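Novice: Show me how the following folds:
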Amino acid sequence: MYISARERNILHQLLQHKDGLTIPKLAQLLDVSTRTIQRDLKGIEDILAEYGLKLNKSSAGLVISGGPSEQEKLLGFLQTLELNEFTPEERQMLLLAILLQHREPLKLFTLADELNVTVATISNDLTRAEAWLNGFRLELVRKRGYGVQIIGRESDIRRAISQLLAEHLTESKMYRMLSEPLDDWEQTDAISERLLHLINLELVRNIQEVLADFRKQMVEPMADRAYIGLIVHLTLAIERIRQGEKIEIDPSYLSKLKMDKEFELAADLARRLEQKLGMNIPEAEVGYMTMHIRGAKAHVETESLLEESNFQLGVRVKALIHEVEKSLHVQFQDPSLFQGLVAHLKPALYRIREKMKIYNPLLEKIKQDYEELFHVVQVKGNKVFEPITIPEEEAGFLVMHFGSALERLKRKRTLKVLVVCSSGIGSSKFLASRIEKEFPEITSIEQASFFELGEKNLHDYDLFLSTIPLHTDVKHFVVQPFLPPHEVKQIRAYLDEKLREPSAVTETGQASLQVAEGGSNVLAIERFAHFAKLNQDIYQVLSHFQLIQVERGISIEEEIERICRSLEQKGILTNGGGVAQALIERERAGGVAIPNTSLALFHTRSRDVTIPYFAMYEWGTPSLRKGMDNSLILVERVVLMLAPQDLEEVRLEYLSYLSTLIIESEETMRLFERASEQAVFARIYESSQAFVQEKINKDG
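Specialist: Model (predicted):
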């Protein structure tokens, strides 16, 4: 009896997990899709039948049932099978690995023998592999008497190898490769073992050793997946250099890269690698390393809007959130969603612009589990970030941010349910227990009989269920006491929609009530004391806030210099001239006017700033300034925001949050454009108070 490699792996997992495995868990263990598992189940059932066993589906998942001796016989048979029986997908991947590794022609019968299949099968697999190679400008040459060979530039071959590794070597396998001797796991992972022949493992270990120290010294953390990607890139690049291949990069682009702070990091990394490996790394490769470091850094979320050019990104992120809210009919009101998207998108957009490959191992599962959300995010993302096209892989990562926000939105709500049956007991209790099991987010279940309905205000409940038909205009579901699957699905859809609606009781209100009723003033004071410096920052912002009228005929540059000199005299700045110059240079580097408003934001962080400062200035003579979208915008009001260089995380988070107020919504943009000093101050005060309360609820 023939058993495919994947069927063998499925059976091994099911025999090991006696209590059962769900299909999603099984797919995760085998690194395939749930659909693939479902397709293989018929074959699994046939194999089990040969040994007098059955495949049962229970609440715990898939379970093999049958006698222990029968299961032992099946396990013994599986252990006699050769490890080199592969699925069609695995064979195609292995063919690519073999051909990319060997630069000389290989005979079809040699490949067929190595993979234990017929020449006809190999020929068919090569046809499919050819389409993949074309994406890298590589040609698959097949000639009678000559054999099979991949032809193309060395750089394209290296790019294909890098992509093959990224697609088929999971993070966990890479971690094992970096931490365990290869001999310990080669025999149990023939696929990975073959892929690892594509790279020099000794070189990988040396690079990883250098990068481990280098990574610790980076101010901003590097995501694990990006870290692995950098190791693979450096391995392939260094092998190219050792083989004498010339590394080339556009000179003008290299000059631009040299201006980035990441270039210094890349140069430092290159020096470390040169010392470790005893070789010279050309400047062009330092440029490519700079690109990878820029694309790999997982930016600290709290620094997001206070970094240069990030406010422009913040404007687009706000627009994206607003577009998704309109499509899904929700209101997120979730600062962590905004901060998370800004932190994620800065390096992500860089990777997209530089055409660096983005790999998302969870893409298919995301598309399956969040089908509607994925479509909305991709369409709206392309609209907001035009002319940039958001690839599916990146859209998948954005969906994870929005999906988490939706889950947080659900958890904020407490749901009340009314269950009605003819007597109010018996079947209603049974139904209530089914509801508790199927819908854990429901926190309150009331039971009533038909005759008690008149005493209830039916609008007080989020969900109204009845086991008998009712004559009422209030939305309700007539269900069976045991709540069959189709009714569960119907109620789930309704609750998901209900959970998206704004709650009548906010978390802030609940928290305030708890403090008041608990009588623990000491506890409340201790919580605020924990944020003493934050409260001092808020005090400074509110104390110094004002809306100042600027005389007609004075340019923005002149006024900024005058303002900074004045702030130096007040002790807010230690070097007013230096801060003014930094603000003016920032505008030259990129627009500061906010699109679709008459506002401009001048902001900077500097060691010459002693305390946070936030104020507004209204020009008697509007000034035409460059916008963040490169358009020309007539500016009437300027927002000036100054922050000290060194701040703790929560203080930095507050200032970042403060800057988002300007672009929070159409309403707030109009407020900052036209409202009085008192009205703007009131908004800043209320928002600051809400920020502190949220931090206390979260951390206190």
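Novice: And the helices in the stretch 501-650 of the chain?
Specialist: Using DSSP state H, counting those that start in this stretch, the helices of the stretch 501-650 of the chain run over 507-518, 521-530, 532-544, 556-569, 576-589, 649-660.
Novice: worst average pLDDT in these?
Specialist: Ranked by mean pLDDT, these end with helix 507-518 at the bottom, a mean of 40.
Novice: quick one, domains of this protein?
Specialist: 5-80, 88-152, 199-296, 301-409, 414-500, 527-699 (automatic domain parsing).
Novice: Switch those over to TSV; also include distance to Arg159 and mean neighbour count.
Specialist: (C-beta placed from N, C-alpha, C; glycine too.) Formatted as TSV, the domains of the chain follow (distance: least, CB to CB, whole Å; neighbours: other CB atoms under 10 Å):
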stretch	distance to Arg159	mean neighbour count
domain 5-80	23	16
domain 88-152	6	16
domain 199-296	8	16
domain 301-409	8	18
domain 414-500	43	15
domain 527-699	32	17
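Novice: Tell me where the model's unsure across the stretch 351-500 of the chain.
Specialist: 355-357, 359, 361, 410-414, 422-430, 451, 499-500 (pLDDT under 70).
Novice: what do you get if the cut-off is 90, keeping everything else the same?
Specialist: Where the stretch 351-500 of the chain drops to pLDDT under 90, the residues are 351-371, 385-389, 393-394, 396-397, 400-500.
Novice: For Leu165, which of the domains of the chain is the nearest?
Specialist: Shortest separation from Leu165 across the domains of the chain is recorded for domain 199-296, at 5.6 Å, computed as CB to CB.
Novice: what about the closest one, distance to the chain center?
Specialist: Counting by CA atoms, centre = their mean, to the nearest Å, domain 199-296 is centred 24 Å from the centre of its parent chain.
Novice: So which residue is dead centre in the chain?
Specialist: Phe397 (4.0 Å; CA atoms, centre = their mean).
Novice: so which strand or helix has that residue?
Specialist: According to DSSP states H and E, Phe397 maps onto helix 392-412.
Novice: List the first helix or strand encountered after that helix toward the C-terminus.
Specialist: Where DSSP H and E defines the elements, the next helix or strand beyond helix 392-412 is strand 415-421.
Novice: Show residues contacting that following strand.
Specialist: With CB atoms under 8 Å, 6 or more residues apart in numbering as the test, strand 415-421 has contacts from 427-428, 431-432, 435, 439, 441-450, 453, 456, 458, 460-468, 470, 481, 495, 498-499.
Novice: quick one on the thing from earlier: let me have the domains of the chain in a markdown table, adding distance to Leu164 as columns.
Specialist: Output for the domains of the chain, formatted as a markdown table (distance: least, CB to CB, whole Å):
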| stretch | distance to Leu164 |
| --- | --- |
| domain 5-80 | 15 |
| domain 88-152 | 6 |
| domain 199-296 | 10 |
| domain 301-409 | 11 |
| domain 414-500 | 40 |
| domain 527-699 | 38 |
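Novice: Can you show me the strands along the stretch 1-150 of the chain?
Specialist: 54-58, 61-65, 139-143, 147-151 (DSSP state E, counting those that start in this stretch).
Novice: mind checking which of these is nearest Arg294?
Specialist: Closest among these, once you apply CB to CB, is strand 147-151, at 31.1 Å.
Novice: Centre of the chain to the helix or strand just after the closest one, how far?
Specialist: Scanning forward in sequence from strand 147-151 by DSSP H and E, the next helix or strand is helix 154-168. In terms of CA atoms, centre = their mean, the gap separating the centre of helix 154-168 from the centre of its chain is 24 Å.
Novice: avg pLDDT for helix 154-168?
Specialist: pLDDT averaged over helix 154-168 gives 74.
Novice: is it true that Ala237 touches Glu285?
Specialist: Yes - here Ala237 reaches Glu285: they are 5.7 Å apart, a contact under CB atoms under 8 Å.
Novice: can you give me the strands in the stretch 551-700 of the chain?
Specialist: 599-606, 613-626, 632-644.
Novice: Format those strands as JSON lines; extra columns: mean pLDDT and distance to Tyr146.
Specialist: Formatted as JSON lines, the strands of the stretch 551-700 of the chain follow (pLDDT from 0 to 100; distance: least, CB to CB, whole Å):
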{"stretch": "strand 599-606", "mean pLDDT": "88", "distance to Tyr146": "64"}
{"stretch": "strand 613-626", "mean pLDDT": "89", "distance to Tyr146": "61"}
{"stretch": "strand 632-644", "mean pLDDT": "91", "distance to Tyr146": "63"}
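Novice: Including distance to Gln569, could the ones you listed go into CSV?
Specialist: Converted to CSV, these look like this (distance: least, CB to CB, whole Å):
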stretch, distance to Gln569
strand 599-606, 17
strand 613-626, 13
strand 632-644, 15
